[in-house]
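Asks: Here is a sequence with its predicted model. Questions after.
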Number of protein chains: 2
Amino acid sequence: MTQIQSQALGYSVDGLAFEGRLLFDAADQAPRPALLMAPNWFGVSEGAQEIAAQVASRGYRVLLVDLYGATLRPASPAEAGAAMLPLKQDRSLLRRRLLAALDALRGQSVTAIDGTRLAAFGFCFGGTCALELARAGAPLKAAVSFHGSLDTPDAADARRIQGAVLVLDGALDPLVPREQLPAFAKEMGDAGVDWQLLSYGGAVHSFTDPDAKVPGTSQYDAKVSRRAFAAMYALLDEVFA
Amino acid sequence: MTQIQSQALGYSVDGLAFEGRLLFDAADQAPRPALLMAPNWFGVSEGAQEIAAQVASRGYRVLLVDLYGATLRPASPAEAGAAMLPLKQDRSLLRRRLLAALDALRGQSVTAIDGTRLAAFGFCFGGTCALELARAGAPLKAAVSFHGSLDTPDAADARRIQGAVLVLDGALDPLVPREQLPAFAKEMGDAGVDWQLLSYGGAVHSFTDPDAKVPGTSQYDAKVSRRAFAAMYALLDEVFA
């Protein structure tokens, strides 16, 4: 079993300090593809670090991004919602923080990365973040959203997307309104993006999250989670080949 | 390179003689999973045999099914349409022919199959056929449709589906009306089927067919074709594991 190291990585945006976590196999010193992971609304949590470690064990350097600021760590859904909302409503602010995190990942010297092989992925709100980073024009080979909202304030931003986009969607997700799907298809299609959307039958929100236990709304689905991660890894293999 | 053998396999339905092609690696005598391949409206063509041979080279026994009868081999789109239409309009007749072909595959002694590991896949009209065979209650571990129509005369038939369903869809396919997608999601969801639908951005009809060359309607897409076959193989690996 690969031993994955987790180390704090600080950066600042608009005068505010942020602290993400960098996860990597320290025994492997070759330059590896680097992934920005945007967590769900709980931010830099233990659960998010576990996912990041699993992904890192596949040979990636993973930055679990902090979007709230180093001193803000939500402890309840109410706190998580309060932390997330200003970013969801101000995509420009959200993009600045995401781009700063990506710069920090590219600029760090803790672990060797291949700076030509970058991608982003995220969960729930973090899925939206992965798409937003792509829409901001970041040099990503891929952006992958797991059960994230697909809406955008300006569909024309999709023209800045440089890499492939993959959306992993629960077909019964009540938190991603179904009318977002054709709108997203049009947004991506009009911009000529290389995109894919995978709908999983029976799946609702948070299907990757073992702690999600609200039937019909937000619930873990082990099989769908396995399939979705496999789809992401297949795309990463393809774009990094 | 594996040497794939192609051999005629005859069967009859309602007094009419049919002749499919069985494709297999004769050097491999172990029992292998068996796949029924439903070709596009041209039926048992050279192009269809090439696809069947590629799939067989992955370690499957593939029956390229004949749905028109042994003496009917369409040579033009007009002839193909005329051959297909009666089957598209009479799903009961179509299902009888598909089930007979599956029986022939299971009953043949030309090549060793593992009769507990069966699946079906198909292209365009053949995609519809793969779904119809599953809706007929055939003991398939998976049914995979490449750019096939998703409509069904009776949504309740989906309750007979025994295995996983995977739909590989061109997001701009003008021959699979977009309103079929939510209807299909409802059909599958109501029946509790294990289903997935993968929409490929930019892709139209026949994206797997190197001979399809009508921009905006029916056109080969090498990248999407590779992705779609990879998605099928991933599902087969999962359900046959």
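Replies: Okay, I see it.

Asks: Now do residue A:4 against residue A:160, distance only.
Replies: 33 Å (C-beta to C-beta, to the nearest Å). Heads up, the C-betas are built off the backbone N, CA and C, glycines and all.

Asks: who has more neighbours, those two?
Replies: residue A:4 (19 against 13; other C-beta atoms under 10 Å in any protein chain shown).

Asks: ok, and the closest non-adjacent residue to the residue sitting furthest away from the middle of chain A?
Replies: Taking C-alpha atoms, centre = their mean, the residue of chain A most remote from its mean C-alpha position is residue A:27, at 25.3 Å. Excluding the flanking residues, the one nearest residue A:27 by C-beta to C-beta, 6 or more residues apart in numbering or on different chains is residue A:3, at 6.8 Å.

Asks: So which residues on chain A come close to chain B?
Replies: A:165, A:171-172, A:178, A:182, A:185, A:188-189, A:192-202, A:223, A:227, A:230-231, A:234, A:238 (C-beta under 8 Å from any C-beta of the partner chain).

Asks: Quick one: buried ones out of those?
Replies: Taking 16 or more other C-beta atoms under 10 Å in any protein chain shown as the criterion, what is buried in the residues of chain A next to chain B is A:165, A:171-172, A:185, A:188, A:193-202, A:227, A:231.

Asks: Let me see the contact set for the residue nearest the centre of chain A.
Replies: In chain A, the C-alpha nearest the mean C-alpha coordinate belongs to residue A:122, at 1.9 Å (C-alpha atoms, centre = their mean). Each residue near residue A:122 by C-beta atoms under 8 Å, 6 or more residues apart in numbering or on different chains is listed here: A:37-40, A:128-130, A:144-146, A:148.

Asks: how about JSON lines for the residues you listed, with secondary structure and neighbour count added?
Replies: Below are those laid out as JSON lines (DSSP: H, G, I helix; E, B strand; the rest coil; neighbours: other C-beta atoms under 10 Å in any protein chain shown):
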{"residue": "A:37", "secondary structure": "strand", "neighbour count": "28"}
{"residue": "A:38", "secondary structure": "strand", "neighbour count": "32"}
{"residue": "A:39", "secondary structure": "coil", "neighbour count": "25"}
{"residue": "A:40", "secondary structure": "coil", "neighbour count": "27"}
{"residue": "A:128", "secondary structure": "helix", "neighbour count": "25"}
{"residue": "A:129", "secondary structure": "helix", "neighbour count": "33"}
{"residue": "A:130", "secondary structure": "helix", "neighbour count": "31"}
{"residue": "A:144", "secondary structure": "strand", "neighbour count": "30"}
{"residue": "A:145", "secondary structure": "strand", "neighbour count": "30"}
{"residue": "A:146", "secondary structure": "strand", "neighbour count": "29"}
{"residue": "A:148", "secondary structure": "coil", "neighbour count": "28"}
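
Asks: thinking again about what came up before, can you say which helix or strand has the residue farthest from the centre of chain A in it?
Replies: Residue A:27 belongs to no helix or strand when assigned by DSSP states H and E.

Asks: where in chain A is pLDDT low?
Replies: Within chain A, the stretches with pLDDT under 70 are A:1.

Asks: What is the burial count for residue A:159?
Replies: Residues lying near residue A:159 (other C-beta under 10 Å) number 13.

Asks: can you tell me which residues contact the residue nearest to it when sequence neighbours are not counted?
Replies: Of all residues not flanking residue A:159 in the chain, residue A:191 sits nearest, at 4.6 Å (C-beta to C-beta, 6+ apart). With contact set as C-beta under 8 Å, 6+ apart, residue A:191 has these partners: A:155-156, A:158-159, A:161.

Asks: so which of those comes closest to residue B:105?
Replies: The closest of those to residue B:105 turns out to be residue A:161 (C-beta to C-beta; 44.6 Å).

Asks: my guess is that closest one meets residue A:136, correct?
Replies: No - Residue A:161 lies out of contact with residue A:136 (C-beta atoms under 8 Å); the separation is 9.2 Å.

Asks: residue boundaries of the helices in chain A?
Replies: Secondary structure of chain A (DSSP state H): helices at A:46-56, A:77-89, A:91-107, A:125-135, A:180-191, A:222-240.

Asks: what angle do the fourth one and helix A:91-107 make?
Replies: Here helix A:125-135 runs at an angle of 80 degrees relative to helix A:91-107 (axes from the mean of the first three to the mean of the last three C-alpha atoms, to 10 degrees).

Asks: Likewise for the first one?
Replies: For helix A:46-56 against helix A:91-107, the angle by the same axes, to 10 degrees is 50 degrees.

Asks: Quickly note the distance from residue A:123 to residue A:102.
Replies: For residue A:123, the distance to residue A:102 (C-beta to C-beta) stands at 18 Å.

Asks: Who has more neighbours out of those two?
Replies: residue A:123 (29 against 22).

Asks: who does the more buried one bridge with?
Replies: Judged by DSSP bridges, the bridge partners of residue A:123 are residue A:146.

Asks: just to revisit the earlier point, are any of the contacts of residue A:191 buried, and which?
Replies: For those, buried by 16+ other C-beta under 10 Å: A:155, A:158, A:161.

Asks: Count the neighbours of the residue nearest to residue A:29 when sequence neighbours are not counted for me.
Replies: The spatially closest residue to residue A:29, leaving aside those adjacent along the chain, is residue A:112, at 5.9 Å (C-beta to C-beta, 6+ apart). When counting by other C-beta under 10 Å, one arrives at 15 neighbours for residue A:112.

Asks: May I have the residues that are in contact with residue A:112?
Replies: With C-beta under 8 Å, 6+ apart, residue A:112 has these contacts: A:29-32, A:61.

Asks: rerun at 10 Å
Replies: For residue A:112, the contacting residues are A:24, A:28-32, A:34, A:61, by C-beta atoms under 10 Å, 6 or more residues apart in numbering or on different chains.

Asks: Can I get the buried part of those as one PyMOL selection?
Replies: Of the contacts of residue A:112, the buried ones go into a single PyMOL selection, burial set by 16+ other C-beta under 10 Å:
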select buried, chain A and resi 24+32+34+61
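
Asks: For the contacts of residue A:112, which two are the farthest from each other?
Replies: Top of the distance list for the contacts of residue A:112 (C-beta to C-beta): A:29 and A:34, 14.3 Å.
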